[in-house]
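**Q** return atomic coordinates for the entry below.
(chains A and B, ligands or ions: 4)
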There are 2 protein chains.
Amino acid sequence: MAGGAENVFKILVATDNHVGYLEKDQIRGTDSLEAFEEVLRIAQERQVDFILLGGDLFHDNRPSRQVLTRTMELLRHYCMGERPCPIEFRSDQTLNFRHSRFPVVNYEDPNYNVSIPVFSIHGNHDDPAGAGNLSPVDILSVANLINYFGKSANVESIEVSPLLLQKGTTRLALYGLGSCRDERLHRMMRRKNVTFLRPEGEGEGEEGAADWFSLLVLHQNRAKHGEKNHIPENFIPAFFDLVIWGHEHECRIDAEYSVVGSDADGEEEGVFISQPGSSVATSLSEGETRKKHVGILYVKGTSFKLEPVALECVRPFVMDTVFLSQTGIHHREEQQITAYLTQKVQAMVDEANADNPQGKLPLVRLRVEYSGEYETFSNARFGQRFVTEVANPRSILLWFRQRKSVRKKDE
Amino acid sequence: MAGGAENVFKILVATDNHVGYLEKDQIRGTDSLEAFEEVLRIAQERQVDFILLGGDLFHDNRPSRQVLTRTMELLRHYCMGERPCPIEFRSDQTLNFRHSRFPVVNYEDPNYNVSIPVFSIHGNHDDPAGAGNLSPVDILSVANLINYFGKSANVESIEVSPLLLQKGTTRLALYGLGSCRDERLHRMMRRKNVTFLRPEGEGEGEEGAADWFSLLVLHQNRAKHGEKNHIPENFIPAFFDLVIWGHEHECRIDAEYSVVGSDADGEEEGVFISQPGSSVATSLSEGETRKKHVGILYVKGTSFKLEPVALECVRPFVMDTVFLSQTGIHHREEQQITAYLTQKVQAMVDEANADNPQGKLPLVRLRVEYSGEYETFSNARFGQRFVTEVANPRSILLWFRQRKSVRKKDE
Ligand SMILES: [Mn+2]
Ligand SMILES: [Mn+2]
Ligand SMILES: [Mn+2]
Ligand SMILES: [Mn+2]
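**A** Ligands and ions are numbered 1, 2, ... in the order given. Next comes the predicted model:
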């Protein structure tokens, strides 16, 4: 990415901050806020042009008063300021922000000094609901702390008007698609009822539109959970240069190339997809064990580079699986089983602490396969010996029985 | 109030806006918001220096998302702006706003343009509660839309540090006492555990403090509801020049002189008390029938003038009382009774509409004394004939029996 910085967009991308997650937990209560603060601190330190969030900023659709004010305090502290934002806003803001009573990008409102604008769509956790069809993100929007976009009122079809942003010679068309039910969006996209409007460039028609770097942010299932309750990657139009995929909590921030179709000449066409993942683990599952990152996205002309930045404040999380039937311990020997699992968990704690500069109690999850005649026992009791060593003493063990394979079933 | 405007404070005083009251009512749902908007519009039109609110801005301690965002929209629309606020803030803001993460008066924050600062205490409806001891007013405060003061953490004693404001040669010491349980404040004041700190002036000690106009805003019972669950007027220190009394919904905005004690020479001492009253009727009681007003308070040196300004958008409210025993109608003649009450209510509707420039459906309340052998009947059924004529068809009649007098009881 050579060339003057004046032509390069520098954007912090993050998603699924789930602020307020487990807010009443004595140990983990402020994890989500700390991670969100780290995201904002990175944006400030790296002097990005703006922050792009992919939804689920709030964990609860009705955040507690404390979570709401704390979030507003953080945004005010890190994002308000006298350093001017160098981004020229070129599209019709009354269209981009038509759901708002103040349809103006926050850094252009003459009554506010915004140094780091935040652009965000909503996720399924903070989607519009109730009287007035408001999202908790609307509260941040009316406080001029966030530019909430991608809010669509229509349930039959959606026309997405991009935010057209320019920095020097680089032009960025930013498309937002706030979370909606996967089945509904799947059907709308299949029926071609989702229209992504294209900007005009120097050239004519499609050629002109190609002057713009097209960036889409959405918040939907990416993994297949059944035929229709996810968005297949090949539903994404090929003109997009990059997609920021929210909702999936596993960090796969390095942009992956995905073939979505072929052009008129039969040439393969594809888009890059980056999945930043959540900044806090909201489930003790495999995907959440991956190291958490945000990205610094550089866009120059129609090229981009995505630099992952690890979140340092995130609590370590180690996960493993044991099969009791493979331990050689008899199912009646509960003491031996407990001793074995205790030893195993202690080793996981040690593993977590081997790379734990902040010294936070780690999350530890041991999946225990107990088919045969083994019996489960209380997580609460087992966890007591780890109350000073792990952040989740009451949910260390996950008992499961492996499903018999289809072949066996047929037998 | 002669003399240059540059030395005269011009303050809009209002209280008990109860935004969100009956928000789900099809007819009255937006009354509270409309009245609050009128208050702000008056402040803007009259170009006041600031707005002073006496608590119960919100009706619900946890306002709905729609009410919260609508309130923020109104404050942002009317109070943000480039006209600079001419008030010099002279006291230690970290002390005045010590409960806030941004302990700075909103018009001095360099990232915001505020043209009409709002200062508010909390009432009993919007008092601090829950984790973090936050009031819904704190949300407006962190959005920099309101200067929330008079929040006290201590339950045993309170030290009130005034906001010291100066305009030209006039000095204003503004004391705020957020709502707390009447019994508790009563006890604290009786025991001299409420200290009102005095500023220093040109002269020495008390003499110097007298250079300042001392204004107190509080939100407590003024009417006696028993020995200890109100604040007797003579609990107010005599050095106060004016008290803005919130919580009481009846408009008694014209300042009344109240003797609170006598000085060292035996001379009577007193304070002026203004009770602006609510901007929306939240009960169909006598006090709420009084025409609603806000005040424009002028302060020059240590003199003041309070100009009442009627709220034009407020729904007319007419109340009356009938004694069935005095109608001459036999208690069995339910049809005649109904006809009599219908005629009576119709006359009240006509009376309300005689002065109803906005054409809003009026509130009508008829108290019906039914001692003797009379029987009550359904308000819902009775109200049906007035659904297109009154705003409260389901609560027109209030049946009551007059208590026998004490003398009779003794008999
Ligand atoms: Mn999520
Ligand atoms: Mn989600
Ligand atoms: Mn009230
Ligand atoms: Mn009250």
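**Q** what's around A:T15, how many residues?
**A** 33 (other Cβ atoms under 10 Å in any protein chain shown). Quick note: C-beta positions are derived from backbone N, CA and C, even for glycine.
**Q** also A:E269?
**A** A:E269: 13 surrounding residues under other Cβ under 10 Å.
**Q** and A:E375, by the same measure?
**A** Neighbour tally, A:E375, other Cβ under 10 Å: 12.
**Q** grab the nearest non-local neighbour of it.
**A** A:H331 (7.1 Å; Cβ to Cβ, 6 or more residues apart in numbering or on different chains).
**Q** and that neighbour, helix, strand or coil?
**A** A:H331 falls in the coil class when you classify it by DSSP: H, G, I helix; E, B strand; the rest coil.
**Q** go ahead and confirm it touches A:T376.
**A** No. The criterion here is Cβ atoms under 8 Å, and A:H331 misses it with A:T376 at 11.3 Å.
**Q** for A:D16, give me its contacts.
**A** If a contact means Cβ atoms under 8 Å, 6 or more residues apart in numbering or on different chains, then A:D16 has A:54-56, A:123, A:246-247, A:249, A:276-279, A:282 as its contacts.
**Q** okay, and which of those map to strands?
**A** Within those, residues falling in strands by DSSP state E are A:G246.
**Q** TSV for the contacts of A:D16, including distance to ligand 3, neighbour count and pLDDT?
**A** TSV is the format used below for the contacts of A:D16 (distance: Cβ to the ion, whole Å; neighbours: other Cβ atoms under 10 Å in any protein chain shown; pLDDT from 0 to 100):
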residue	distance to ligand 3	neighbour count	pLDDT
A:G54	42	30	98
A:G55	39	30	98
A:D56	38	28	98
A:G123	38	28	98
A:G246	43	33	98
A:H247	43	25	98
A:H249	45	23	98
A:P276	47	30	98
A:G277	48	26	98
A:S278	43	28	98
A:S279	42	28	98
A:T282	40	17	97
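**Q** of the contacts of A:D16, closest to chain B?
**A** Distance to chain B across the contacts of A:D16 (Cβ to the nearest Cβ) is lowest for A:G123, with 16.4 Å.
**Q** residues in contact with that closest one?
**A** Contacts of A:G123 by Cβ under 8 Å, 6+ apart are A:15-16, A:54-57, A:178-179, A:219, A:246-247.
**Q** which ones are touching the residue of the stretch 251-400 of chain A found nearest chain B?
**A** Chain B sits closest to A:V280 of the stretch 251-400 of chain A, with a gap of 18.5 Å, by Cβ to the nearest Cβ. Counting by Cβ under 8 Å, 6+ apart, A:V280 makes contact with A:17-18, A:21, A:31-32, A:35, A:292, A:314.
**Q** likewise A:T342?
**A** A:382, A:385.
**Q** show me how far the helix or strand hosting it is from its chain's centre.
**A** Using DSSP states H and E, A:T342 maps to helix A:334-354. In terms of Cα atoms, centre = their mean, to the nearest Å, the centre of helix A:334-354 is found 32 Å from the chain centre.
**Q** which is the next helix or strand following it?
**A** strand A:363-369.
**Q** what residues are bridge-paired with A:V322?
**A** Applying DSSP bridges to A:V322 yields these beta-bridge partners: A:V368.
**Q** show me the shaky parts of the stretch 1-150 of chain A.
**A** For the stretch 1-150 of chain A, the stretches with pLDDT under 70 are A:1-3.
**Q** again, 90 this time
**A** A:1-4 (pLDDT under 90).
**Q** what about the residue of it found nearest ligand 3, distance to B:V19?
**A** Across the stretch 1-150 of chain A, the shortest distance to ligand 3 (Cβ to the ion) belongs to A:R65, at 20.1 Å. Look at A:R65 and B:V19: by Cβ to Cβ, to the nearest Å, they are 16 Å apart.
**Q** swap in A:L174?
**A** For A:L174, the distance to B:V19 - Cβ to Cβ - is 35 Å.
**Q** the two: who's more crowded?
**A** Neighbour comparison, A:L174 and B:V19: the larger count goes to B:V19, with 28 against 24 (by other Cβ under 10 Å).
**Q** just give the number of residues close to A:R315.
**A** If we define neighbours as other Cβ under 10 Å, then A:R315 has 22 of them.
**Q** that one: what's it in contact with?
**A** So A:R315 contacts A:28, A:31, A:281, A:360-363, A:391 (Cβ under 8 Å, 6+ apart).
**Q** quick check: next helix or strand after whichever strand or helix holds A:M188?
**A** Per DSSP H and E: A:M188 is located in helix A:182-190. For helix A:182-190, the following helix or strand on the C-terminal side (DSSP H and E) is strand A:194-196.
**Q** which residue does the stretch 51-200 of chain A have closest to ligand 4?
**A** The minimum distance from the stretch 51-200 of chain A to ligand 4, using Cβ to the ion, falls at A:R65 (19.3 Å).
**Q** phi, psi for that residue please.
**A** Backbone torsions for A:R65, taken as degrees, to the nearest 10, come to phi -60, psi -40.
**Q** low-confidence stretches in the stretch 301-411 of chain A?
**A** A:355, A:402-411.
**Q** please work out the residue of it nearest to ligand 3 and name it.
**A** For the stretch 301-411 of chain A, Cβ to the ion, closest residue to ligand 3: A:C313, 43.4 Å.
**Q** for the stretch 101-250 of chain A, what lies in contact range of ligand 2?
**A** A:123-124, A:247 (Cβ under 5 Å from the ion).
**Q** reformat those as JSON lines; add distance to ligand 4.
**A** Listed next are those as JSON lines, based on distance: Cβ to the ion, whole Å:
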{"residue": "A:G123", "distance to ligand 4": "38"}
{"residue": "A:N124", "distance to ligand 4": "39"}
{"residue": "A:H247", "distance to ligand 4": "44"}
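**Q** nearest to B:G150 among the residues you listed?
**A** B:G150 lies nearest to A:G123 out of these, by Cβ to Cβ, at 38.0 Å.
**Q** show me what contacts the residue nearest to that closest one when sequence neighbours are not counted?
**A** Nearest in space to A:G123, with sequence neighbours left out and distances taken as Cβ to Cβ, 6+ apart, is A:G55 at 2.8 Å. Going by Cβ under 8 Å, 6+ apart, A:G55 touches A:15-16, A:120-126, A:178-179, A:217, A:219, A:246-247.
**Q** phi, psi of A:G55?
**A** Per degrees, to the nearest 10, the backbone of A:G55 is at phi 100, psi 170.
**Q** returning to that earlier point: only the buried subset of the contacts of A:R315, as a ChimeraX command please.
**A** Those of the contacts of A:R315 that count as buried under 16 or more other Cβ atoms under 10 Å in any protein chain shown are selected in ChimeraX with:
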select /A:28,31,281,360,361,362,363,391
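**Q** thanks a lot, see you next time.
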